[in-house]
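*Asks:* Quick one, fold the following:
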Amino acid sequence: MKKEICVLFDMDGVMIDTETQYDGIWREIGERYKIGIPHFEKVIKGTTLPNIINKYFSHLPASDQKDIEQEIDEFETKMEFPEIPGSLRLVDELKAAGIKVGLVTSSTQTKLNAVNKVRHFDELFDTIVAAERVVHGKPNPECYLIGARDLNVDPADCLVFEDSLNGIEAGKAAGMTVVGVATTLTADKLLPLVEIVIPDFSNFGLSDIEGIVK
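*Replies:* Predicted coordinates:
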């Protein structure tokens, strides 16, 4: 690969298989507070907790908003973090080839601390962009632009792996090439929005990336 690139990975639904765990708790919270949005747990995919609170729960008393934040924080400390098949292997393969890799997630540092105890992403990635570093969460491109800046790579030379509509929009708005990972949404919903769609990373490697980023 001649030109310098970076590869940026979303975390939930891309590196680790956690989205079904989130579905349950957010569906219950949406019903409890009568949000009234069909498939609410799907609509909020890829967005930061502060943005979710501000956009969908700002009409509630501050005490209720705080309760939701605390409920999610506590939930995240008890989650399991199984690997999306092939994701860790691909990151290792990219690093061995001298390609810079970053993790760009809407999760908080509290969640990351729990993940790092199991997956050691703090040691794996060259940079991590989490919720605390971002003013405007996905679908705003800010998080991905920060990742490119951290790695000193032009956004146009960055490849993004995303599973959510908000994340895909953020990557594209940053001027990056986006690959859809069909772990949260079906391939037919992702395909019109991304370069290609993969089910996971089991049969995807460096040679495939070289075919996308030329």
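
*Asks:* now the farthest one out in this protein, which residue is it?
*Replies:* What lies farthest from the middle of the chain is P61; by CA atoms, centre = their mean that is 29.2 Å.

*Asks:* ok, that residue to Y33 distance?
*Replies:* Using CB to CB, to the nearest Å, one obtains 11 Å as the distance from P61 to Y33. Yep, even glycine has a C-beta here, placed from its N, CA and C like the rest.

*Asks:* Run through the residues that contact the residue nearest to F57 when sequence neighbours are not counted.
*Replies:* In this structure, F57 finds its nearest non-sequential neighbour in Q65, 5.5 Å apart by CB to CB, 6 or more residues apart in numbering. Counting by CB atoms under 8 Å, 6 or more residues apart in numbering, Q65 touches 53, 57-58.

*Asks:* And for D154?
*Replies:* Applying CB under 8 Å, 6+ apart, we find D154 in contact with A148.

*Asks:* separation between it and V213?
*Replies:* 12 Å.

*Asks:* now do F75
*Replies:* According to CB to CB, F75 stands 37 Å off from V213.

*Asks:* CA atoms only for the strand or helix carrying F161 - export them in CSV, please.
*Replies:* Secondary structure assignment for F161, by DSSP states H and E: strand 158-162. These are the backbone C-alpha positions of strand 158-162, laid out as CSV (Å, rounded to 0.1, in the frame of the first residue of the first chain):
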residue,chain,number,x,y,z
CYS,A,158,-9.1,7.1,6.1
LEU,A,159,-11.2,4.0,6.0
VAL,A,160,-14.1,3.6,8.5
PHE,A,161,-15.9,0.5,9.7
GLU,A,162,-19.4,1.3,11.1
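
*Asks:* Okay, now the sheet partners of that strand, with direction.
*Replies:* Under the criterion DSSP bridges, strand 158-162 sits next to strand 6-9 (parallel), strand 177-181 (parallel) in its sheet.
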